[in-house]
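Asker: Next come a sequence and a model predicted from it.
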Amino acid sequence: CSSPLVFSTKGGMLLLGEGTSIRSRRLPPHLAWCSIDWEQLCLHHPLGSGGFGSVYKATYYGTTVAVKQVKKYSKNRLASRQSFWAELNVARLSHNNVVRVIAASACSPASQDSLGTIIMEFVGNSTLHHVIYGTGSMITKRKDSFVCGYEPLSVMQSLSYSCDIVAGLVFLHSQFIVHLD
């Protein structure tokens, strides 16, 4: 995770990410660096939800982020748990076309009923579906007036998005990861 975390100890303060190894009880050793400073996290509004949980727009250490909270009690609890851990295993990866994980935790404040929380970089207010199919309202300027509506993607824009998607998927596949969305 990119955010340094400070913990109080008998000997003073301990900063994670500087050669110090503190292991969380619930996280495997290769994910021990994952933790969330809950006091620095502020959820704003939902961006979407699905069978495994919800995604919120939030701020973390003053930066706009996306927060995924995995439901503790979904229809398929085992699949929920496996999905959460699979996403944490991707956290170590770095690629321009793969959303970066900033912090994660298998623990959550008592007020949240979630299996775990993942804080990711925020990639914008629109989805790829909105961009391709024009759902939602977009305001575009045409020669002499404002029109509320959808402007189709050009061939070059379509190719650019396609190449970015393929590059991200090729990278994930090279790491033996299959993206199911």
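Answerer: Arrived safely. Residues are numbered from 1 along each chain as shown.
Asker: pLDDT wise, what is V155 at?
Answerer: You'll see V155 listed with a pLDDT of 90.
Asker: burial of it, as a residue count?
Answerer: 8 (other C-beta atoms under 10 Å). Just so you know, the C-beta spots here come from the backbone N, C-alpha and C atoms, and that holds for glycine as well.
Asker: again, but for G53
Answerer: Quick note: G53 (other C-beta under 10 Å) scores 23 neighbours.
Asker: Now the phi/psi pair for it, please.
Answerer: Backbone torsions of G53, given as degrees, to the nearest 10, read phi 160, psi -160.
Asker: Excluding chain neighbours, what is closest to it?
Answerer: V70 (4.2 Å; C-beta to C-beta, 6 or more residues apart in numbering).
Asker: what's the helix or strand in which that neighbour is found in contact with?
Answerer: Following DSSP states H and E, the helix or strand that holds V70 is strand 63-71. Strand 63-71 has contacts (C-beta atoms under 8 Å, 6 or more residues apart in numbering) with 41, 43, 47, 52-60, 80, 83-84, 87, 99, 102, 108, 112-123.
Asker: For the very next helix or strand once past it, enumerate the helices and strands it packs against.
Answerer: Next along the chain after strand 63-71, taking DSSP H and E as the criterion, comes helix 77-90. Helix 77-90 is packed against strand 63-71, strand 101-105, strand 114-121, with contacts defined by 3 or more C-beta pairs under 8 Å, 6 or more residues apart in numbering; DSSP states H and E.
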